[in-house]
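Visitor: Below are the sequence and a predicted model; questions follow.
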Amino acid sequence: MSRKLGVNTWVWTSPLTDAALGELAPRVKEWGFDVLELPLENLGDWDPAAARRLLDGLGLAASVCLVMAPGRDLVATDAGTVRRTQDYLRGVVDAAHAVGAPAVGGPAYATTGRTWRMTDEERAAAYLELQEGLAPVVEHAMSAGVTVAVEPLNRYETSLVNTVDQALEALGDLPAAGCGLLLDVYHMNIEEQDVAAAVRRAAGRIAHVQVCANDRGAPGADHLDWPAILRALDEAGYAGPLCIESFTAENASIATAASIWRRLAVTQDAIATDGLKFLRDLEVSDSA
């Protein structure tokens, strides 16, 4: 199937601001993208109403990323931290609704980089705690017509939810209409024994998909079996966008957080444009 393709502004900048968005959005549209992915690191970083006007004027759709910065946790923490995290997540949902994004995606369970050892029983209890903490956020999201897309991360960035199977267990009975999965091929390449098979197991719960090379570079400049991954997404019934997510090494804080220690392409623009061309060409070859 023909998919909409997007790119995350983290390829170039962090945090996203109204000024940076005004500069990036026209370029992204000119290159041929359909979607611009907008991280909201802190509420108020950018104006959702202004972003909506800008993107609508360019004919671009939006997706929105949540960020689990230090102090944002829904499990194994105190009640005040849970409340503040829920308030932040509800604020991201409101921004997504205002900008017309169907989903907010990210590791909506614990601070990125936070790890701790758990027994099976402790993990099961943490998943129940997560469901309790996410429930009011999901209810708010459903009332706004937005889906919370929970992202499994690799083992170096979390110890709580690393795989599709763990994510499905963690979400439990939370309604799929308001709570699904964000599948990020970068993390899946590290944690899943068979990426395509894991995609198929997530059928019916995939709310958003992020793509990049196995080293965070442009899709296609890697060893991943992209035809198999795209076929699995088709078989799983996922019809949403594929958004290229990578990061700039020029921003010290984001480079350190994402472990970007070297250039991943000749230019940051090339991560976007080369990835876009590869994915478009792959769709053409698949349909031939």
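Guide: Cool, the structure landed.

Visitor: all helices of the stretch 101-250 of the chain, in order?
Guide: 120-144, 164-171, 185-191, 195-201, 226-235 (DSSP state H, counting those that start in this stretch).

Visitor: So for the third one, what gets flagged as buried?
Guide: This points to helix 185-191. 185-189, 191 (16 or more other C-beta atoms under 10 Å). In short, each C-beta sits where N, CA and C put it, glycine included.

Visitor: and what of the longest one?
Guide: Along helix 120-144, the positions that meet the burial threshold by neighbour count (16+ other C-beta under 10 Å) are 123, 126-127, 129-131, 133-135, 137-138, 140-142, 144.

Visitor: any idea which of those residues is closest to Val209?
Guide: Among these, Ala141 lies closest to Val209 (C-beta to C-beta), at 18.4 Å.

Visitor: If you rank every helix and strand of this structure by mean pLDDT, what lands last?
Guide: helix 252-257 (a mean of 73; mean pLDDT, DSSP states H and E).

Visitor: chain center to it, what's the gap?
Guide: 18 Å (C-alpha atoms, centre = their mean, to the nearest Å).

Visitor: Only alpha carbons, please: show it as CSV.
Guide: C-alpha atoms of helix 252-257 as CSV (Å, rounded to 0.1, in the frame of the first residue of the first chain):
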residue,chain,number,x,y,z
ALA,A,252,25.0,18.6,23.0
SER,A,253,22.1,17.5,25.1
ILE,A,254,20.2,15.6,22.5
ALA,A,255,23.4,14.0,21.1
THR,A,256,24.3,12.7,24.6
ALA,A,257,20.7,11.5,25.3
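
Visitor: And it, what does it pack against?
Guide: Applying 3 or more C-beta pairs under 8 Å, 6 or more residues apart in numbering; DSSP states H and E, we find helix 252-257 packed against no helix or strand.

Visitor: How are the strands of the chain distributed by residue range?
Guide: For the chain, strands defined by DSSP state E occupy the ranges 5-8, 35-40, 61-66, 103-106, 147-150, 179-184, 206-211, 242-244.

Visitor: Glu235: which of those is closest?
Guide: strand 206-211 (11.1 Å).

Visitor: Each with direction, which strands does that closest one pair with?
Guide: strand 179-184 (parallel), strand 242-244 (parallel) (DSSP bridges).

Visitor: what bits of the stretch 1-150 of the chain have low per-residue confidence?
Guide: In the prediction, the stretch 1-150 of the chain carries residues with pLDDT under 70 at positions 1.

Visitor: Could you single out the nearest of the buried residues of helix 120-144 to His208?
Guide: Among these, and counting by C-beta to C-beta, the member closest to His208 is Ala141, at 12.9 Å.
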